[in-house]
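# what's the 3D shape of this:
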Amino acid sequence: MKNLQLPLTEKDVKNLRAGESVTLSGTVLTARDCAHKRIAEMIKKGESLPFDLKGAVIYYAGPCPAKPNSPSGSCGPTTSARMDAFAPSLLDLGLGAIIGKGEMSDDVREAIKRNASVYFAAIGGAGALYGNAIKKSECIAFEDLLSEAVYKLEVENFPAVVAYDCNGGSIY
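Next up is the predicted model:
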């Protein structure tokens, strides 16, 4: 198992292969359907985003409310294919990696190759496990979207599998 520190370096990404198990530690942003729609609208209007996409990792998830004395509740992945329409343009703008669940479109796979990015698969149904990997959580954009807002998470030993690597490899 590879232990990776976020943000990923170019060397990290180029050395990853589909099927490898990894743990991720560092900063991850969450964004689901509604947040992606807003991000796309802001980009289309030429507006600045409230966070930097360059090298960022977006986790397709919406954290549940935190229990007392905990930074986050359960935080399991959502179906990645729902973001297929948005992912290629975000990758082209510098998004470093995606974390989600399930297959994505050929357009996304090509954008991952083109931009030397990576797609990590998280385990569906393991939201409590992922919630335990979150050490800090802060809403940084679109607070009105509640769990679909963009959260900045600090994660430690977040388990994942390389689903698509930058060389075109796929676990699917």
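
# same question for the longest strand belonging to the chain, mean pLDDT?
As assigned by DSSP state E, the longest strand anywhere in the chain is strand 150-164. When pLDDT is averaged over strand 150-164, the result is 98.

# Ok, stretch 63-77 next?
Regarding stretch 63-77, the rounded mean pLDDT is 92.

# ok, now how distant is the spatially closest residue to residue 150 that is not a sequence neighbour from residue 162?
Excluding its sequence neighbours, the residue lying closest to residue 150 (CB to CB, 6 or more residues apart in numbering) is residue 141, at 3.9 Å. Quick note: C-beta positions are derived from backbone N, CA and C, even for glycine. Noted for residue 141: a distance of 28 Å to residue 162, by CB to CB, to the nearest Å.

# Which one's more surrounded, these two?
Between residue 141 and residue 162, residue 162 has the larger neighbour count (other CB atoms under 10 Å), namely 24 against 18.

# residues contacting that one?
Residue 162 is in contact with 16-20, 22, 118-121, 169, 171, counting by CB atoms under 8 Å, 6 or more residues apart in numbering.

# before we move on, what about residue 12?
Residue 12 neighbours (CB under 8 Å, 6+ apart): residue 4.

# now with 10 Å?
Contacts of residue 12 were listed using CB atoms under 10 Å, 6 or more residues apart in numbering, and they are 2, 4-6, 22, 96-97, 118.
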